[in-house]
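> Predicted coordinates and the sequence they were generated for:
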Amino acid sequence: MGTEDAEEGLFTRNVPGLAERLGRARVGVAGCGGLGSNAAVALVRAGIGGLVLVDGDRVEESNLNRQHFFRADIGRPKVAALADHLRAINPGVELELHEGRLAPGEVADIFGAAELLIEAFDRAEAKQWLIEAWCGAFPERWLVCASGIAGYGKTERIRCRRAGRLVVCGDQQSDMAQGLCAARVALVANMQANAAIELLMEMEGGGPPG
């Protein structure tokens with residue numbers, strides 16, 4: 001079976017027109033941990049054509065409780081391990097991999113081809129400078145962030161909020177000291193992916209998203 005045949009079968013049950021639009025899109029993912037790995041998997045399953053993945057960490061055993069990795073990945077760079085899993089879903093997806101810590105001055109160059117960016121960092125200070133760097137470099141492009149993913153349950157508190165060209169998913173309250181549960185982390189990651197898909201479809205229709 002060729003790549004085109006595999007893709008056609010993969011998206012048979014997809015929302016009509018979704019894979020065709022997403023297949024022309026390229027999305028940036030800053031961080032390939034609990035948020036980034038799960039969001040990337042959801043985007044590839046939906047039909048995204050290209051992803052720019054950036055992360056400087058290697059897979060550790062403690063990552064396996066919430067990140068899309070497996071025991072065989074332990075010790076490998078996250079971007080390389082994740083790329084293998086994404087290609088196992090859709091061999092035709094185009095992946096641009098950057099193994100290393102992202103710096104503010106690199107945002108414009110590394111993510112220049114991305115229509116929008118998914119922020120998937122752990123630390124609040126990193127989230128802040130990434131927002132500032134992205135909005136400064138690409139004020140017309142959307143940024144999908146996460147804030148408040150810790151703990152478990154309380155699903156009713158998790159939602160997406162839009163402000164300007166910024167979307168924030170999460171409860172915006174929970175503290176990382178509460179610990180991280182796969183169900184809640186993946187829920188927010190998939191909300192980020194869903195928001196990105198919605199924005200890409202709205203951009204295709206013309207005019208700013210409402």
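Sure, I can see it. Numbering: from 1, shown residues only.
> Which elements pack onto the helix or strand hosting Asp109?
Asp109 is part of helix 107-110, with elements assigned from DSSP states H and E. Secondary-structure packing of helix 107-110 (3 or more Cβ pairs under 8 Å, 6 or more residues apart in numbering; DSSP states H and E): helix 124-137. C-beta coordinates here come from the backbone N, C-alpha and C atoms, glycine included.
> What is the subsequent helix or strand relative to the helix holding Asp109?
Defined by DSSP H and E, the subsequent element after helix 107-110 is strand 116-119.
> pLDDT below threshold where in this protein?
Under the criterion pLDDT under 70, the flagged ranges of the chain are 1-7, 205-210.
> what ranges do the strands span in the chain?
26-30, 50-55, 94-99, 116-119, 142-146, 159-163, 166-170 (DSSP state E).
> Now those in a markdown table, please, with extra columns for distance to Phe70 and mean neighbour count.
As requested, these are exported to a markdown table (distance: least, Cβ to Cβ, whole Å; neighbours: other Cβ atoms under 10 Å):
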| stretch | distance to Phe70 | mean neighbour count |
| --- | --- | --- |
| strand 26-30 | 19 | 26 |
| strand 50-55 | 17 | 24 |
| strand 94-99 | 18 | 16 |
| strand 116-119 | 22 | 26 |
| strand 142-146 | 23 | 25 |
| strand 159-163 | 29 | 13 |
| strand 166-170 | 25 | 22 |
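> Tell me how far the residue nearest to Pro77 when sequence neighbours are not counted lies from Met191.
Excluding its sequence neighbours, the residue lying closest to Pro77 (Cβ to Cβ, 6 or more residues apart in numbering) is Glu99, at 4.8 Å. Distance, Glu99 to Met191, using Cβ to Cβ, to the nearest Å: 27 Å.
> cool, and Glu140?
Applying Cβ to Cβ to Glu140 and Met191 gives a distance of 23 Å.
> For these two, work out which one has more neighbours and name it.
Met191 (22 against 7; other Cβ atoms under 10 Å).
> isn't that one right next to Arg161, touching?
No: taking Cβ atoms under 8 Å as the definition, Met191 is not a contact partner of Arg161, at 10.9 Å.
> give me every residue that touches Gln173.
Contact analysis of Gln173 by Cβ atoms under 8 Å, 6 or more residues apart in numbering lists 148, 157.
> Roughly how far does it sit from Ala189?
Distance from Gln173 to Ala189, by Cβ to Cβ: 18 Å.
> returning to what we had before: need the strands of the chain in JSON lines (columns: distance to Leu64).
As requested, the strands of the chain are exported to JSON lines (distance: least, Cβ to Cβ, whole Å):
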{"stretch": "strand 26-30", "distance to Leu64": "19"}
{"stretch": "strand 50-55", "distance to Leu64": "16"}
{"stretch": "strand 94-99", "distance to Leu64": "20"}
{"stretch": "strand 116-119", "distance to Leu64": "21"}
{"stretch": "strand 142-146", "distance to Leu64": "20"}
{"stretch": "strand 159-163", "distance to Leu64": "27"}
{"stretch": "strand 166-170", "distance to Leu64": "22"}
